[in-house]
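Asks: Got a predicted model here, sequence first, then my questions.
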Amino acid sequence: MIENNRHIAGDEEAEIPSEQDVIARQDELKELLRKVEIVKREQHKIMDSVGDMIILTDDEGKIKRVNKAVQTFSSKPYKEILGMDWEELIFENDLEAVTLYVESTELFQRTTNKWFTLTAYPFEDSELNYSGTVITLHETTELKIVSEELENTNKNINLNREKLQAALKQISILMQNVTTQKETSIRLTNDHLVKCYELKKCEKPDCICYGKDAMRCWQVAGTYCGGELQGSFAQKYGNCAECDVFEHATSDPIYQMGEQFNNMMNVMDTKNRELQEALGNLKSSQSTVLHQEKMASIGQLAAGVAHEINNPTGFITSNLGTLNKYVSKLSSYISTLSAIVESGESPETVEEVKKEKKKLKIDYILNDLTDLISESLDGANRIKVIVQNLKSFSRVDEADCKHSDINECMESTLNIVWNELKYKAAVTKEYGDLPQVKCFPQQINQVFMNILVNASHAIEDQGEIKIKTWNGDGWIHISISDTGSGIPEEKVTKIFEPFFTTKDVGKGTGLGLSITYEIIQKHHGEILVDSEVGKGTTFTIKLPVNGPDLKSA
């Protein structure tokens, strides 16, 4: 038995392993070898699972090991690959070096148009007494395609950027021309414009585009498109983008932007012509509107003027009726006296005359006659003043610019609008010593009338209107203040706009203050407004004393 075999070496006794120990150690070694084999297989599986080609060579470049990707690529069995020179394996598969980098080489396979990156990793293991190189080949075809597409995209971007910069420069120049020369007929050029009738195979000679050079049919009314008559009288495209003619002209983003600019300029040109025409019509009707507004204002005041004239006319008529009765009685009395004088009657008859005198109230009549005549003359004078003020207000005989007394203009206007004011407000006046002002007095009267009437309308029950004039620094100042309802802050900036009114519907045209502003501007003056809701409004007018030479209104 092995366990009984013993020997003695010197003083020590060595123990020989038993059979069971040897078997146990053999089992351990087998298990260790099995694990090593498992690890080796796992490494091979891992290497074979890698998509990149991996080659292990010795110092002489001979292949010692490869993964499955190399076998698939070369279509060679594993044993045939072993021992080959790695460069021979690479280049016999039509791989050629294209670009050399610091740590890698770019390869191209012409037969498949595939790209690879080759990288070599030298290694050395002193314990294994082995050295060599690990070579990897990574396919970069997709990356290369993406890179080339990206490069082409960048080139296109740069090209479009240059085209965009050129287009923007051209647009900038055109916009500058629009600003400086007021020119809206300019357009950007477009090389992609085509003859729409050729592209659409249109055979409508009645179309204004037919037979013509390439033109922007989408900016022309009354054209035929796709065989269908265009215009307000027929079917249209819902959107120009649906038309292949427009699509062809705007296929390039730069041209698309250019056509959008051209469309904008076309709209601006159309609107500009419409505005010019409207402006011409507006200028031609300006004097008519001014006259109509003045007539409307005078019509509004006609009832008040009639009332003012009716008052003195009424008592003059009444006085004349009374005078008629008085004259009848006086005639009867005088006839009686004449008869007595001519007949030479006795003194007893004188008593009858006295009775007749008392009966006819001759003494009262004689006393009242003076008052009647005085009142009638005063009434007639009042009528005369009102008529004169009305004539001064209308100034039908003074349509030209002349030097006028602003205080006189204000006073005559006050007399005309007095019936509008007297029931609503107490008017206080503080007239300064003013020089004559060069103006159109008729228009200045209209300004005063518009503001005064608005002031009376702003006062709901009873209030006050203050008028003040003063001279200073070559300007005449006129302020008209009221204690009315005031104007909200958000509406103050709009009150001089045509047809804007704060009054109820039907109570204002919205032209009074607009014409007032225009008149003051025409006189090279200024008009300011200061208002607070619930407290009132103040209009301040400034007129230059020595105004410019103004033409006839």
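Replies: Looks like it arrived, so ask away. Numbering: from 1, shown residues only.

Asks: residue ranges of the strands in the stretch 301-450 of the chain, please?
Replies: 402-404, 425-430, 437-439 (DSSP state E, counting those that start in this stretch).

Asks: Which elements pack onto the helix or strand Ala24 falls within?
Replies: In this structure, Ala24 sits in helix 19-49 according to DSSP states H and E. Secondary structure elements in contact with helix 19-49, counted by 3 or more CB pairs under 8 Å, 6 or more residues apart in numbering; DSSP states H and E, are helix 68-74. Just so you know, the C-beta spots here come from the backbone N, C-alpha and C atoms, and that holds for glycine as well.

Asks: Give me the residues contacting the helix it packs on.
Replies: Residues external to helix 68-74 that are found in contact with it (CB atoms under 8 Å, 6 or more residues apart in numbering): 47-48, 50-55, 77-78, 81, 89, 93, 137.

Asks: so which of these comes closest to Glu148?
Replies: Proximity of the contacts of helix 68-74 to Glu148 was ranked by CB to CB; the top entry is Leu137 with 20.3 Å.

Asks: for the longest strand along the chain, packing partners?
Replies: Ranked by residue count under DSSP state E, the longest strand found in the chain is strand 114-125. Applying 3+ CB pairs under 8 Å, 6+ apart, one finds that strand 114-125 contacts strand 104-109, strand 130-139, helix 141-181.

Asks: Need the ones you listed in TSV (columns: mean pLDDT).
Replies: Putting the helices and strands packed on strand 114-125 into TSV (pLDDT from 0 to 100) gives the following:
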stretch	mean pLDDT
strand 104-109	91
strand 130-139	89
helix 141-181	82
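
Asks: Distance to Asp206 added to the ones you listed, as TSV?
Replies: Compiled in TSV, the helices and strands packed on strand 114-125 are given as follows (distance: least, CB to CB, whole Å):
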stretch	distance to Asp206
strand 104-109	62
strand 130-139	64
helix 141-181	34
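
Asks: Output these in a markdown table; the columns should cover mean neighbour count and distance to Val387.
Replies: Conversion of the helices and strands packed on strand 114-125 to a markdown table gives the following (neighbours: other CB atoms under 10 Å; distance: least, CB to CB, whole Å):
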| stretch | mean neighbour count | distance to Val387 |
| --- | --- | --- |
| strand 104-109 | 17 | 109 |
| strand 130-139 | 17 | 111 |
| helix 141-181 | 12 | 56 |
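
Asks: on that earlier part again, of the strands of the stretch 301-450 of the chain, which is nearest Leu33?
Replies: When the strands of the stretch 301-450 of the chain are ranked by proximity to Leu33 (CB to CB), strand 425-430 comes first, at 123.1 Å.

Asks: What are the contacting residues of that closest one?
Replies: 410, 414, 421, 455-456, 459, 462-469, 482-483.

Asks: For Ile541, which non-adjacent residue is closest in space?
Replies: Excluding the flanking residues, the one nearest Ile541 by CB to CB, 6 or more residues apart in numbering is Ile478, at 4.5 Å.

Asks: thinking again about what came up before, list the buried residues in the longest strand of the chain.
Replies: Of the residues in strand 114-125, those buried under the neighbour-count criterion (16 or more other CB atoms under 10 Å) are 114-118.

Asks: and which of those is nearest to Tyr255?
Replies: The nearest one, if we look at the buried residues of strand 114-125 relative to Tyr255 and count by CB to CB, is Trp115, at 36.5 Å.

Asks: so that closest one touches Thr140, yeah?
Replies: Yes. Here Trp115 lies in contact with Thr140, judged by CB atoms under 8 Å, at a distance of 4.8 Å.

Asks: joint contacts of the two?
Replies: Common neighbours of Trp115 and Thr140, counting by CB under 8 Å, 6+ apart, are Glu106.

Asks: Could you give the number of residues near Val437?
Replies: Neighbourhood size, Val437 [other CB atoms under 10 Å]: 23.

Asks: Next one: it from His477, what distance?
Replies: Separation of Val437 from His477 (CB to CB, to the nearest Å) stands at 11 Å.

Asks: rewinding a little: confirm that the residue nearest to Ile541 sits in a helix.
Replies: No. Assigned with DSSP: H, G, I helix; E, B strand; the rest coil, Ile478 falls outside any helix and is strand.

Asks: Would you confirm that it contacts Met410?
Replies: Yes. Using CB under 8 Å, Ile478 makes contact with Met410 at a distance of 7.2 Å.

Asks: before we move on, could you check phi and psi at Lys494?
Replies: In this entry, Lys494 is assigned phi and psi values of phi -110, psi -10 (degrees, to the nearest 10).

Asks: burial count for it?
Replies: Burial measure for Lys494: 13 neighbouring residues, criterion other CB under 10 Å.

Asks: Okay, it and Ser514: tell me how far apart.
Replies: With CB to CB as the criterion, Lys494 and Ser514 are 10 Å apart.

Asks: other SSEs contacting the helix or strand hosting Lys79?
Replies: Using DSSP H and E, Lys79 sits within helix 78-81. The contact analysis (3+ CB pairs under 8 Å, 6+ apart) places helix 78-81 against strand 63-66, helix 68-74.

Asks: is it possible to export those to JSON lines including distance to Gln260?
Replies: JSON lines is the format used below for these (distance: least, CB to CB, whole Å):
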{"stretch": "strand 63-66", "distance to Gln260": "61"}
{"stretch": "helix 68-74", "distance to Gln260": "54"}
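
Asks: okay, the strands of the stretch 301-450 of the chain in a markdown table with distance to Thr105 and mean pLDDT next?
Replies: Formatted as a markdown table, the strands of the stretch 301-450 of the chain follow (distance: least, CB to CB, whole Å; pLDDT from 0 to 100):
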| stretch | distance to Thr105 | mean pLDDT |
| --- | --- | --- |
| strand 402-404 | 102 | 86 |
| strand 425-430 | 103 | 92 |
| strand 437-439 | 96 | 88 |
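
Asks: To Ala278, which of these lies closest?
Replies: Nearest to Ala278, of all the strands of the stretch 301-450 of the chain, is strand 437-439, at 29.7 Å by CB to CB.

Asks: Direction included, what does the closest one pair up with?
Replies: Here strand 437-439 has these sheet partners by DSSP bridges: strand 402-404 (antiparallel).

Asks: Need the residues that contact the partner strand.
Replies: Residues outside strand 402-404 that contact it (CB under 8 Å, 6+ apart) are 436-441, 444.

Asks: thinking again about what came up before, emit the PyMOL select command for whichever of the contacts of strand 425-430 are buried.
Replies: If you want just the buried ones from the contacts of strand 425-430 in PyMOL, going by 16+ other CB under 10 Å, the selection is:
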select buried, resi 410+414+421+455+456+459+463+464+465+466+467+468+469+482+483
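
Asks: Filter the contacts of strand 425-430 down to the ones in strands?
Replies: The subset of the contacts of strand 425-430 located in strands under the criterion DSSP E comprises 463-469, 482.

Asks: can you tell me which two in those residues are farthest apart?
Replies: Taking CB to CB as the measure, those reach their widest spread between Gly463 and Thr469, a distance of 20.6 Å.

Asks: could you point out where the stretch 1-150 of the chain is predicted with low confidence?
Replies: Flagging of the stretch 1-150 of the chain using pLDDT under 70 yields the residue ranges 1-15, 128.

Asks: one more time with 50
Replies: Applying pLDDT under 50 to the stretch 1-150 of the chain flags residues 1-11.

Asks: how many neighbours does the spatially closest residue to Val385 that is not a sequence neighbour have?
Replies: Sequence neighbours aside, Asn415 is the residue nearest to Val385 in space, at 7.1 Å (criterion: CB to CB, 6+ apart). Using other CB under 10 Å, Asn415 is surrounded by 18 other residues.
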